[in-house]
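Asks: With the input below, show me the fold.
(4 chains)
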Number of protein chains: 2
Amino acid sequence: MLKDRPVTLEEVARHAGVSLGTASNVLHGKRALHSNRTANKVLESANLLGYRSNHLARSLASKRTQIIGFVTERHQTMLTRNRYVIHVLDGILDYLVPLDYHIKLISLLNDEPQHVWSQIDNGTLDGAIVVAPVIGSPLLQWRERSSLPVVVVGSALPKEIPLSWVDVDNESAMFQLVDWLIAQGHRNIGFVQGPPQQWSALQRENGYRRALSHYQIALQPRWIAPGDYDTGSGVEAGKQLLAQNPDLTAIVAANDQMAAGVLEACRALGKRVPEDISVTGFDDMDLARHTTPPLTTIRHTIHDNAMKATERLVAQIQSDEKPALVQELVPGELVIRDSVSQARQAVPVSR
Amino acid sequence: MLKDRPVTLEEVARHAGVSLGTASNVLHGKRALHSNRTANKVLESANLLGYRSNHLARSLASKRTQIIGFVTERHQTMLTRNRYVIHVLDGILDYLVPLDYHIKLISLLNDEPQHVWSQIDNGTLDGAIVVAPVIGSPLLQWRERSSLPVVVVGSALPKEIPLSWVDVDNESAMFQLVDWLIAQGHRNIGFVQGPPQQWSALQRENGYRRALSHYQIALQPRWIAPGDYDTGSGVEAGKQLLAQNPDLTAIVAANDQMAAGVLEACRALGKRVPEDISVTGFDDMDLARHTTPPLTTIRHTIHDNAMKATERLVAQIQSDEKPALVQELVPGELVIRDSVSQARQAVPVSR
DNA sequence: CTGAAAGCGCTTACAG
DNA sequence: CTGAAAGCGCTTACAG
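Replies: The predicted model follows:
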């Protein structure tokens, strides 16, 4: 109604002939405290004047902002590049929006603690979700720096770090996938690494290594190529592996996007998948279903994990009790599609 | 340092032996007002005590929150489903983060004006970006409901609606694409519509219709199938069009995701693309490059448009002048890939 | 059931 | 160059 200066609670109170406190009570939850007559007067006045409460003032006075920070480090600021982050965000929103919590996006520009904590610990947040903090991230010192509730998603941190998190069991899932590849007759299996600063990348590589060693397959250093979870690096890695290792019958990529890149490399080099070489991914993003051929991969419930993490966070915020640590490893599931064949040279190669 | 009660400016001021106002000035921009000696005392105290300013309080007092709302309607809440929205978000962040503005995500749950405006006009925002509001959206009454600066991106609104926006020139771009198809010899061209409540969908359809009529090709109603911009609807539409129209040599989808769906439908029905039928998309999302075959489509600069819109918004926020309307149509660009062939039956079909 | 008052943690004229 | 004071728009005990 009025456009320039918003109507304040005080004006509503005055118009309704009640005190500020009463108007506040009626308008926000404690309506039961007051008589119907009073409540109605207030409600009517508010309506008439087009009152809309100022959240800033409410937050300052009540020490609740209803805002959760969605914290990402520089590594994943390009949302369009990082499907994973989007899935997480979606899970969080699905949980939070109906509860009338809001998300504030915090993209950290750099690692300076100064910068980091001024973005986070400035009174605007009730809590935060940190997405896949890297090894050595200043965010891992959260507990020493801030008393704000926080849950990590997408990084399974070492137990010593006193933060709650939920993530897929990367290592076991990758072990399972490679184990299955070996069961298909593959022995000479290449690996495209994720970024070395990501816990998940290391854990996936560990799963791969453990599976080979479990079957006493001697891992050749040249079977491993570096990557960064991006498609482009998958192309590079694929070309490198294919060029240097004519003996490979399969390439395991640390995530789907790189696997798609490997597929591209195969196409470029005239290798048929899966006839000439098998390729696998990890994450089961949409794209895994749409590559040619569709990717065998590990499915995990990113969206649900994010919801779960958010649930924990909200519980932590709402009960001001001790913030019990919750560190949860969720199992992944092998999804078999068309990018893997029985290894034809299995026997000759395996000795 | 202290964990539970954050250090306040007052404590810093007292520790430094200066007034509240002085401490505030030194710590936030107006350092030049004070002597070096004073400034240093304040800075040291702040450092020593681990002071971190409370943004809420600053915002309330200064009437600046440094927060921009990113407003989406129910239709696009599933971020994972809507690549477009992600690109927009990315463009906004790229512009805003270095300026120390933040994004608050506002996913509208429903259309009730009550709900809508209480989410938006509650003092927490300096301005807002609205993503692709639909026809009939309550958001279109923004100017009557709120004095908050706002820019729309992804919907080219009718001129009568007093809102600033920037979007691709959907109609011209689609005209251009269909014009080109016709130049390749195609005459019987199907169309997969976008959601009828999206301005962009209508505009794209208009472009298609105008191109056909420009060449005096009689559009058959059965050439048009409904869709909703999602891949699934593209599959359905593709199947329907293919089943009902053996005479079609090309199918134009209103966006890439549906075009991917049409491709899937073709595969399912044993139609080769582009040999048996040509298919085109719109938007040139990543996926357009990765389908088999890669899609001929319209490229437009979603990311840059979003940055541009954000720039306008910030300008509007920072100069409290008259909010001059800016309505900008950005041209699209035809990107030719492998999903279109010369129409072999061009001549017989065209009469 | 209701009102008066203190307080949330800052910024911003205003004097001097 | 600096301090005292008012004010931003609410919530929350506390009396009564």
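
Asks: State the pLDDT value of the closest residue to A:Pro6 other than its chain neighbours.
Replies: Of all residues beyond its chain neighbours, the one nearest A:Pro6 is A:Arg52 (6.3 Å), with distances taken as C-beta to C-beta, 6 or more residues apart in numbering or on different chains. In this view, the C-beta of every residue, glycine as well, is placed from N, C-alpha and C. According to the model's per-residue confidence, A:Arg52 sits at a pLDDT of 91.

Asks: How about A:Gln176?
Replies: We note a pLDDT of 98 for A:Gln176 in this prediction.

Asks: ditto for A:Ile92
Replies: With respect to pLDDT, A:Ile92 scores 95.

Asks: Are there helices or strands packed against the one helix or strand it maps to, and which ones?
Replies: Element membership for A:Ile92 (DSSP states H and E) is helix A:83-96. Where contact means 3 or more C-beta pairs under 8 Å, 6 or more residues apart in numbering or on different chains; DSSP states H and E, helix A:83-96 is packed against strand A:67-72, strand A:102-107, strand A:127-131, helix A:302-318.

Asks: list the contacts for the residue nearest to A:Pro6?
Replies: For A:Arg52, the residues meeting the contact criterion (C-beta atoms under 8 Å, 6 or more residues apart in numbering or on different chains) are A:6-7, B:117-118, B:121-122.

Asks: Tell me, how many residues neighbour A:Glu10?
Replies: 12 (other C-beta atoms under 10 Å in any protein chain shown).

Asks: I figured it hits A:Ser19, correct?
Replies: No. No contact is recorded between A:Glu10 and A:Ser19 when judged using C-beta atoms under 8 Å, the distance being 9.8 Å.

Asks: Can you pull out the low-pLDDT segments for the stretch 101-250 of chain A?
Replies: When residues are selected by pLDDT under 70, none of them lie in the stretch 101-250 of chain A.

Asks: From B:Asp283, how far off is the residue in it that chain B sits nearest to?
Replies: With C-beta to the nearest C-beta as the measure, the residue in the stretch 101-250 of chain A that lies nearest chain B is A:Gly123; the distance is 3.8 Å. Summarising the geometry, the distance separating A:Gly123 from B:Asp283, computed by C-beta to C-beta, to the nearest Å, is 40 Å.

Asks: The two: who's more crowded?
Replies: Each of A:Gly123 and B:Asp283 had its neighbours counted (other C-beta under 10 Å), and the higher figure belongs to B:Asp283 (26 against 18).

Asks: partners of that one in the sheet?
Replies: When bridges are called by DSSP bridges, B:Asp283 pairs up with B:Arg299.

Asks: Kindly state the pLDDT recorded for it?
Replies: Note on B:Asp283: pLDDT of 96.

Asks: ok, now the one 10 residues further on?
Replies: The predicted local distance difference test score for B:Pro293 is 93.

Asks: what's the residue nearest to it when sequence neighbours are not counted in contact with, if anything?
Replies: Sequence neighbours aside, B:Asp338 is the residue nearest to B:Pro293 in space, at 3.8 Å (criterion: C-beta to C-beta, 6+ apart). For B:Asp338, the contacting residues are B:274, B:293-294, B:296, taking C-beta under 8 Å, 6+ apart as the criterion.

Asks: do the same with A:Gln184
Replies: Taking C-beta under 8 Å, 6+ apart as the criterion, A:Gln184 is in contact with A:278, A:340-343.

Asks: Please narrow the residues you listed to those residing in strands.
Replies: Members of those lying in strands (criterion: DSSP state E): A:Ser278.

Asks: Quick one, which of the contacts of A:Gln184 are buried?
Replies: By neighbour count, with 16 or more other C-beta atoms under 10 Å in any protein chain shown, the contacts of A:Gln184 hold A:278, A:340-341, A:343 as buried.

Asks: which pair in those residues spans the largest distance?
Replies: In these, the most distant members under the criterion C-beta to C-beta are A:Val340 and A:Ala343, with 9.1 Å between them.

Asks: Which residue does the stretch 101-250 of chain A have closest to DNA strand C?
Replies: A:Gly123 (6.6 Å; C-beta to the nearest atom of the strand).

Asks: Excluding residues flanking it in the chain, which one is nearest that residue?
Replies: Using C-beta to C-beta, 6+ apart and skipping the chain neighbours, the partner closest in space to A:Gly123 is B:Asn54 (3.8 Å).

Asks: ok, now A:Leu20?
Replies: Closest residue to A:Leu20 apart from its sequence neighbours, by C-beta to C-beta, 6+ apart: A:Ala13 at 4.8 Å.

Asks: residues touching that neighbour, list them.
Replies: Shown here is A:Ala13, whose contacts under the criterion C-beta under 8 Å, 6+ apart are A:19-20, A:22-23, A:42, A:45.

Asks: Now do it, the pLDDT please.
Replies: In this model, A:Ala13 is scored at 89, pLDDT.

Asks: Check which residues of the host helix or strand of it are buried.
Replies: Here A:Ala13, judged by DSSP H and E, is contained in helix A:9-16. Counting neighbours by 16+ other C-beta under 10 Å, one finds that the buried residues in helix A:9-16 are A:9, A:11-13, A:15-16.

Asks: what's the closest of these to DNA strand D?
Replies: So of the buried residues of helix A:9-16, ranked by how close each gets to DNA strand D (C-beta to the nearest atom of the strand), first place is A:Leu9, at 3.0 Å.

Asks: I figured that closest one hits A:Tyr51, correct?
Replies: Yes. Counting by C-beta under 8 Å, A:Leu9 sits close enough to A:Tyr51 to count as a contact (7.1 Å).

Asks: Which residues are in contact with each of those two?
Replies: Taking C-beta under 8 Å, 6+ apart as the contact criterion, the common neighbours of A:Leu9 and A:Tyr51 are A:Leu27.

Asks: From A:Thr124, how far out is the residue nearest to A:Gly123?
Replies: Computed with C-beta to C-beta, the distance linking B:Asn54 and A:Thr124 is 8 Å.

Asks: neighbour-wise, which of these two wins?
Replies: In terms of neighbours (other C-beta under 10 Å), A:Thr124 is the more surrounded of B:Asn54 and A:Thr124; the figures are 25 against 18.

Asks: Leaving out the residues flanking it, which one is nearest to that one?
Replies: Once flanking residues are discounted, A:Thr124 sits nearest to B:His55: 4.8 Å by C-beta to C-beta, 6+ apart.

Asks: Repeat that for A:Trp223.
Replies: With C-beta to C-beta, 6+ apart as the measure, A:Gly190 is the residue that lies nearest to A:Trp223, at 4.6 Å, once sequence neighbours are left out.

Asks: list the contacts for the one you found?
Replies: Applying C-beta under 8 Å, 6+ apart to A:Gly190 gives the contacts A:223-225, A:241, A:245, A:248, A:250-252.

Asks: on that earlier part again, mutual contacts of A:Val340 and A:Ala343, please.
Replies: Common neighbours of A:Val340 and A:Ala343 (criterion: C-beta under 8 Å, 6+ apart): A:184, A:250, A:278.

Asks: Distance to B:Asp169 for these - can I get that in TSV?
Replies: As requested, the shared contacts of A:Val340 and A:Ala343 are exported to TSV (distance: C-beta to C-beta, whole Å):
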residue	distance to B:Asp169
A:Gln184	52
A:Ala250	48
A:Ser278	46
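
Asks: Stretch A:145-162 and chain B, are they touching?
Replies: Yes. Legend: contact between stretch A:145-162 and chain B by C-beta under 8 Å from any C-beta of the partner chain is shown at A:146-147.
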